[in-house]
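# Test case, fold it:
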Amino acid sequence: MTTRNRPRAAAVAVAAAVLTATAFTGPARASGHPAGASGHPATQQAIEAAVAAGIPGITAEARDAGGVWKTAAGVGDLRTGAPRGRNDRFRVGSITDTFVATVLLQMEAENKLSLDDPVERYLPGVVRGNGNDGRTITVRQLLNHTSGLFDYLTEVTYYQTYVLGDGFLQHRYDTLTPEQRLEVAFSHEPLFPPGARHAFSRTNDILAALIVEKVGGTSYEKQVRRRIIEPLGLRATSNPGTSAGLPRPSSRGYTKLFFASQPERIDDVTEQNGSQGWGDGDIISSAGDLNRFYKALMGGKLLKARQLAELKTTVVNPDFPISSYGLGVERLTLGCGTTLWYHDGGMLGSLAFAAFSEDGRHQFTFDYNGDWDGSGILSILNAEFCDTAGTASR
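Numbers count the residues shown, from 1 in each chain. Next up is the predicted model:
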C-alpha cells in the first residue's frame with residue numbers, strides 16, 4: 001500500500017499506515033447517511049474517524065453477499081460546507097494501471113503481443129539514453145514495475161514545476177505530452193538493472209499506455225473505452241483528455257502545496273489538466289464503477305484464465321513487505337489474516353483505494369478528497385474485511 005500521488009523528492013513510496021497524521025482546521029463534519037451506517041458500522045466508524053483526524057471528506061461503496069452499501073462523510077466543499085457525495089466521481093490516479101494492464105493482457109490473449117517481448121519491439125528508439133535501453137526491458141517488467149526506470153514525477157525540477165506551491169498554481173492548466181514526461185525520466189540513469197527488484201515508477205505506466213496505442217492502432221483512451229468501459233457499462237468512468245474539471249456529481253479536491261512560509265496551507269486543486277496524468281493516472285471514476293470493474297476482472301469476465309493467472313503473479317514489494325505487486329494489481333495480507341487484492345492511487349486532491357477478494361465477490365472502494373494523510377486507510381480496510389475477533393469476516 002503506497003501513497004503514490006505525493007512523492008517527496010527523496011521518497012517515492014511511503015506506507016500509508018505510517019504517514020504522520022496532520023490536524024485539519026476546516027469545517028470537516030460527518031454528512032450523515034444513516035442508511036449507510038446501518039450496514040457496515042465498523043467501516044462507517046473508521047471512515048468518520050479519518051475525517052475527524054483531518055481528511056475533508058470520504059466517499060465509499062462496498063459490495064458483498066449482503067448487497068450494495070454506500071456512504072459518505074465529511075465535506076465535499078470547504079467553502080460552502082456541502083457534504084461529500086455518495087456517488088462522487090474522482091481522479092483515480094494509479095488505479096489507471098489496472099485498466100492499462102487489462103487491455104495489454106487482452107491483447108496477449110488475442111496473440112497481438114507477448115508480455116515477454118522487449119519494449120523496443122513496440123516502441124523502437126523510445127527508451128534510450130543514460131543507460132536506459134528498451135531492448136533489455138520487457139512489457140511484463142513495465143506492468144510489475146521491475147524495469148528499473150526512473151520515475152519522472154520524482155525529478156526535482158519537474159516536481160517543483162508541476163506539484164509544489166506556486167509551480168502547480170502557475171502550471172496546473174498546462175498540456176503535457178507523454179514524450180515530455182519520458183524525456184524527464186530518461187535524463188536519469190535507471191535505478192537498477194531490469195528485473196532486479198520492484199520499484200513503482202509512473203514512467204512504466206506511460207510506456208505501457210503507448211504500447212496499447214501501438215498495438216491497438218487507436219488511442220489508449222479508445223481501447224480502454226471499447227474493451228472495458230462500454231462492455232461493463234461504467235457510466236461514471238472517463239478519460240479527461242486535456243480538460244481540467246471533474247464531471248458531476250463530484251466534490252472539490254484539496255492538497256497542501258507545501259509553501260515554505262505556509263506549510264499547512266490547504267489549496268483547492270480540483271482543476272488540473274488531465275494530460276499531466278495521461279496513461280498513468282488520468283482516469284476519472286466512481287466507487288461504484290471501480291467495484292464493478294474489479295468484480296468483472298477478478299471474476300474472469302475480462303480476461304481468460306491464463307491471463308488472469310498472469311495478472312495475479314506477484315513480485316515482492318521491498319518498500320512495503322506485507323504487499324506484493326502483480327500486473328496492475330497488488331496483494332495485501334491484513335493483520336487478521338485476510339488476504340486482499342487492491343490498487344491505490346491518487347492525484348493532487350484525491351487518494352483512492354480499491355480492495356477486493358480474490359474471487360471478486362467482495363469489493364470495497366473509497367476516496368479521500370484530501371491527499372496529505374493516509375494513516376487511516378489500514379483502519380478502514382480492517383474494519384471492512386476483518387471481524388472484531390481478528391479473523392476474516394468474509
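# Would you tell me what helix or strand residue 289 is located in?
Secondary structure from DSSP states H and E places residue 289 in helix 287-298.
# ranges for the strands of the stretch 101-250 of the chain?
Counting by DSSP state E, counting those that start in this stretch, the stretch 101-250 of the chain has strands at residues 128-129, 132-133.
# so of those strands, which one's packed in deepest?
Of all these, strand 132-133 carries the top mean neighbour count, a mean of 18, counting by mean count of other C-beta atoms under 10 Å. To be clear about C-beta, it is placed using only N, CA and C from the backbone, and glycine gets the same treatment.
# Which stretches in this structure count as helices?
34-39, 41-52, 96-109, 119-122, 139-143, 156-162, 165-171, 178-185, 202-216, 220-224, 230-232, 287-298, 305-311, 377-385 (DSSP state H).
# mind putting the strands of the stretch 101-250 of the chain in a markdown table, mean pLDDT and distance to residue 59 included?
As requested, these are exported to a markdown table (pLDDT from 0 to 100; distance: least, C-beta to C-beta, whole Å):
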| stretch | mean pLDDT | distance to residue 59 |
| --- | --- | --- |
| strand 128-129 | 96 | 43 |
| strand 132-133 | 98 | 39 |
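# Reformat those strands as CSV; add distance to residue 55.
Formatted as CSV, the strands of the stretch 101-250 of the chain follow (distance: least, C-beta to C-beta, whole Å):
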stretch, distance to residue 55
strand 128-129, 41
strand 132-133, 38
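# Looking at those strands, spot the one closest to residue 114.
Among these, strand 132-133 comes nearest to residue 114, with 18.7 Å by C-beta to C-beta.
# Stretch 357-373: which residues count as buried?
Neighbour counts over stretch 357-373 (16 or more other C-beta atoms under 10 Å) mark 357, 360, 362-373 as buried.
# swap in stretch 295-304?
Quick answer for stretch 295-304 (16+ other C-beta under 10 Å): 295, 296, 297, 298, 302, 303.
# repeat for stretch 255-271
So, applying 16+ other C-beta under 10 Å, buried residues of stretch 255-271: 255, 256, 257, 258, 266, 267, 269, 270.
# likewise stretch 331-345?
Result for stretch 331-345 [16+ other C-beta under 10 Å]: buried residues 331, 332, 334, 338, 340, 341, 342, 343, 344, 345.
# Repeat that for stretch 185-199.
185, 186, 188, 190, 194, 195, 198, 199.
# right, and the last one touches residue 145 too?
Yes. With contacts counted by C-beta atoms under 8 Å, residue 199 reaches residue 145, the gap being 6.2 Å.
# Out of the buried residues of stretch 295-304, flag the one nearest to residue 277.
Nearest to residue 277 among those, with distances taken as C-beta to C-beta, is residue 297, at 21.2 Å.
# Model confidence score at the closest one, please.
The model reports residue 297 with a pLDDT of 97.
# Ok, residue 320 next?
We note a pLDDT of 86 for residue 320 in this prediction.
# what's the neighbour count on it?
Neighbourhood size, residue 320 [other C-beta atoms under 10 Å]: 21.
# Report the contact partners of the most centrally placed residue in the chain.
Nearest residue to the geometric centre of the chain (C-alpha atoms, centre = their mean): residue 345, 2.1 Å. Going by C-beta atoms under 8 Å, 6 or more residues apart in numbering, residue 345 touches 4, 5, 92, 93, 94, 95, 96, 97, 281, 351, 352.
# Ok, residue 362 next?
Here residue 362 is in contact with 62, 63, 64, 65, 356, 385, 394 (C-beta under 8 Å, 6+ apart).
# So the fifth one is in contact with residue 298, correct?
So the one you mean is residue 356. Yes. Counting by C-beta under 8 Å, residue 356 touches residue 298, with 5.9 Å between them.
# got any residues that touch both of those two?
Common neighbours of residue 356 and residue 298 (C-beta under 8 Å, 6+ apart) are residue 341.
# Give the residue spans of the stretch 251-394 of the chain that score low on pLDDT.
Filtered on pLDDT under 70, the stretch 251-394 of the chain yields the residue ranges 387-394.
# Residue 172 is in contact with residue 271, correct?
Yes. Using C-beta under 8 Å, residue 271 is in contact with residue 172, at 6.5 Å.
# Mind listing the shared neighbours of those two?
With C-beta under 8 Å, 6+ apart applied, the overlap between the contact sets of residue 271 and residue 172 consists of residue 244.
# if we can go back for a sec, indicate which one of the helices of the chain is closest to residue 250.
In terms of C-beta to C-beta, the element of the helices of the chain nearest to residue 250 is helix 287-298, at 12.1 Å.
# who does that closest one touch, helix- and strand-wise?
strand 57-64, strand 67-74, helix 96-109, helix 230-232, helix 305-311, strand 350-356, strand 363-368 (3 or more C-beta pairs under 8 Å, 6 or more residues apart in numbering; DSSP states H and E).
# what's the most buried one of these?
Mean neighbour count, computed with mean count of other C-beta under 10 Å, is highest for strand 363-368 among these, reaching a mean of 28.
# quick one: that one to chain centroid distance?
Computed by C-alpha atoms, centre = their mean, to the nearest Å, the chain-centroid distance of strand 363-368 equals 11 Å.
# Run the angle between it and strand 350-356 for me.
In terms of direction (axes from the mean of the first three to the mean of the last three C-alpha atoms, to 10 degrees), strand 363-368 departs from strand 350-356 by 170 degrees.
# can I get the CA coordinates of strand 363-368 in PDB?
The C-alpha coordinates for strand 363-368 follow below in PDB (Å, rounded to 0.1, in the frame of the first residue of the first chain):
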ATOM      1  CA  GLN A 363     -15.400  -5.200  -3.400                       C
ATOM      2  CA  PHE A 364     -14.800  -2.100  -1.400                       C
ATOM      3  CA  THR A 365     -13.700   1.300  -2.800                       C
ATOM      4  CA  PHE A 366     -13.200   4.700  -1.100                       C
ATOM      5  CA  ASP A 367     -11.800   8.000  -1.900                       C
ATOM      6  CA  TYR A 368     -10.400  10.900   0.200                       C
END
